[in-house]
Each structure stands twice: as C-alpha cells, then as structure tokens.
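Novice: The following block contains a protein sequence and its predicted model.
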Amino acid sequence: EDQVTQSPEALRLQEGESSSLNCSYTVSGLRGLFWYRQDPGKGPEFLFTLYSAGEEKEKERLKATLTKKESFLHITAPKPEDSATYLCAVQVYAGGTSYGKLTFGQGTILTVHP
Amino acid sequence: ETGVTQSPTHLIKTRGQQVTLRCSSQSGHNTVSWYQQALGQGPQFIFQYYREEENGRGNFPPRFSGLQFPNYSSELNVNALELDDSALYLCASSTPTNGKLFFGSGTQLSVL
C-alpha cells in the first residue's frame, strides 16, 4: 500500500527564518511526487511535480527536491503570506488513463510570524 | 482559462439523507477525480471518471457513486449519510496523460 508521511505536523517560523518540510514515501513505482499549498477553506493549489531522484524545482521562495525515499520543500526567507498547509502527494504508475489518483500525506501547517 | 468550480460551497444534511455535489471541470480537461478531506487530514481519493465511466476507485463503500457528463461536468452522490461523512469534498480535473490535478474550492458537508 502506498504511504506518505509528512513532518513536522506544524511549523512556526519568524519572518525571514528559512526551514524545510519533509515528505517520506513508500510506493511501488513512483510516477510523480506533487507539492500543493492549501489555504483554509480552499482547495489545494498546485506548486510542483517532481519525477525522478535528483530533480529540483523552484518557485519564488520555495524549492522542492526529490530522492528515492523522500522529498523536501525548502522555504527561504519566508513571509507571513507563505502561511498555509503544505501537502505532499504521490502518483504511481497505473497504466492507461488512471492518473487521477494521488495519495496524500496529512500535511504540514506552516505559520510565519511577522 | 476557466478553473474548476464546485457547488454548493456548504451543505448541512441529517443522518440517513442523500446528497448530490456538483463539479465543472477546467476547460480542456476530460478526467475528473473526487476526494474527501476530513478536518486536519490530507485528501483521500474516492474515484476518478474518464469518458463518463468510473476509472479507478479508492477505499469507499458503494453508497458513494458518481457521474460524468458529456460536457465533462461531474456529480458525486452519497446515499444513507453517516456522521463520519462530514468533510470537505474536493473535485479535481486533469487530462488523462498528465497527472497534474487542478482542484476546486470544495463543498463543506456537515452531517448532523
């Protein structure tokens, strides 16, 4: 069974204090690892997809990396508007057109204080 | 480019009732997935529809059913509601070969 575990469950940072969120996964045949941001009362917003170990992607203050067992979301000099829940999800090879299934972790709640 | 829209935004039902939630996919996307998100948890996959047929299902009982229409809009139906069905229900659309999912804002269902 595919499993995704995120840590920490909650993270409080001061504005400008860089840190990392972790996503550990156990899957049979990783097709892609996804990072989403979710604000309260809203649906998840797509951030990144990583497909192979060693891959890195960046967007503003966020940088995602991938190894064979885990992914990290690095946040550099965060601002209060970066406060949200960050979700990690994996997608496995299913053949054909069965790519709608993502297995999510429980999320990391990030709070950035001014 | 239009996004994924869901209706209603909030809904209150009593145990044993039936509910229908609706979703309009993003323009150009012919695959729709539904997810249930309990408070403090990540979303859980319910099922996926492609070309109006169910094409993958998670660990949910048969009282959770769906429909996809020719215009790619979709419905999620839940029969015999239970208290544990209280959650945020998310619809996501995608293309069949690109795994990137675009989510709607969800329907918050409360079962009393």
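Specialist: Looks like it came in fine.
Novice: chain center to the strand ranked longest in chain B, what's the gap?
Specialist: When chain B is parsed with DSSP state E, its longest strand is strand B:87-95. Here the centre of strand B:87-95 is set off from its chain's centre by 5 Å, with Cα atoms, centre = their mean, to the nearest Å.
Novice: cool, stretch B:36-50 as well?
Specialist: Worked out by Cα atoms, centre = their mean, stretch B:36-50 lies 8 Å from the chain centre.
Novice: list the buried ones in that stretch?
Specialist: B:Gln36, B:Gln37, B:Gly42, B:Pro43, B:Gln44, B:Phe45, B:Ile46, B:Phe47, B:Gln48, B:Tyr49, B:Tyr50 (16 or more other Cβ atoms under 10 Å in any protein chain shown). From N, CA and C alone the C-beta is placed, and that goes for glycine too.
Novice: Helix, strand or coil: sort out A:Pro78 for me.
Specialist: coil (DSSP: H, G, I helix; E, B strand; the rest coil).
Novice: so what's it scoring on pLDDT?
Specialist: We note a pLDDT of 97 for A:Pro78 in this prediction.
Novice: cool, and the one 4 residues further on?
Specialist: If you check A:Asp82, the pLDDT there is 97.
Novice: Please apply the same query to A:Tyr99.
Specialist: pLDDT, read off for A:Tyr99, is 66.
Novice: so where is chain A shaky, pLDDT-wise?
Specialist: Chain A contains residues with pLDDT under 70 at A:95-100.
Novice: Swap in 50 and give it another go.
Specialist: The model of chain A has no residue with pLDDT under 50.
Novice: Show me which residues of it are close to chain B?
Specialist: Contact residues, chain A versus chain B (Cβ under 8 Å from any Cβ of the partner chain): A:4, A:31-32, A:34, A:36, A:41-46, A:49, A:87, A:89, A:91, A:94, A:96-107.
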